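**Student:** Model the following, please.
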Amino acid sequence: MRMISRPSLTMKSPLSLFASALVLAGSTTLAAAQMSHGTMQHGGMHGAPSAQDTPATKAYKAAAAKMHRDMAITYTGDADVDFVKGMIPHHQAAIDMARIELQYGKDEQTRKLAEAIIKAQEAEIADMQAWLKAKGQ
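**Tutor:** Reported below is the predicted structural model:
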């Protein structure tokens, strides 16, 4: 897998640092939400549709729900394989969310970030799929 040796992943531009910060912030928020999920009433779930949802919000919620379904992999016991199998739907969700941004977003900097995310994540998914294939998965 050549993900790590990819120049675009080792050289941090301000845009990639911003993207990393967004991913980290979202992951932290998601982890906190998941940890408290057991105490939530199902009617108050963070991804549940709401009458007040904008089309963009509905699309983001659908993308998040799909990611969670797709990340429910059958674990092999091989940490490397399981990591890569789980990361593919995670990366696909980033692509899906970036496309939603391009459809509904208006901020030029955020739209450029979405375009960069699509390009980078598609390449990383291809790398991971090739790695899995080479491992017989």
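**Student:** what secondary structure does residue 52 sit in?
**Tutor:** coil (DSSP: H, G, I helix; E, B strand; the rest coil).
**Student:** okay, and for the protein, where does confidence drop off?
**Tutor:** For the chain, the stretches with pLDDT under 70 are 1-47, 49.
**Student:** in it, which spans are strands?
**Tutor:** Under the criterion DSSP state E, the chain contains no strands.
**Student:** Count residues in the vicinity of residue 121, would you?
**Tutor:** Using other C-beta atoms under 10 Å as the criterion, residue 121 is surrounded by 21 other residues. For glycine as for every other residue, the C-beta is placed from the backbone atoms N, C-alpha and C.
**Student:** Pull up the gap between it and residue 56, please.
**Tutor:** Counting by C-beta to C-beta, to the nearest Å, the gap from residue 121 to residue 56 is 19 Å.
**Student:** Same check on residue 68?
**Tutor:** Using C-beta to C-beta, residue 68 is found at 19 Å from residue 56.
**Student:** what's the answer for residue 93, then?
**Tutor:** 15 Å.
**Student:** Comparing the two, which residue is more hemmed in?
**Tutor:** Set side by side, residue 93 and residue 56 show more neighbours around residue 93, with 20 against 13, by other C-beta under 10 Å.
**Student:** Touching, the more buried one and residue 66? I think so.
**Tutor:** Yes: Residue 93 is within contact range of residue 66, at 6.9 Å (criterion: C-beta atoms under 8 Å).
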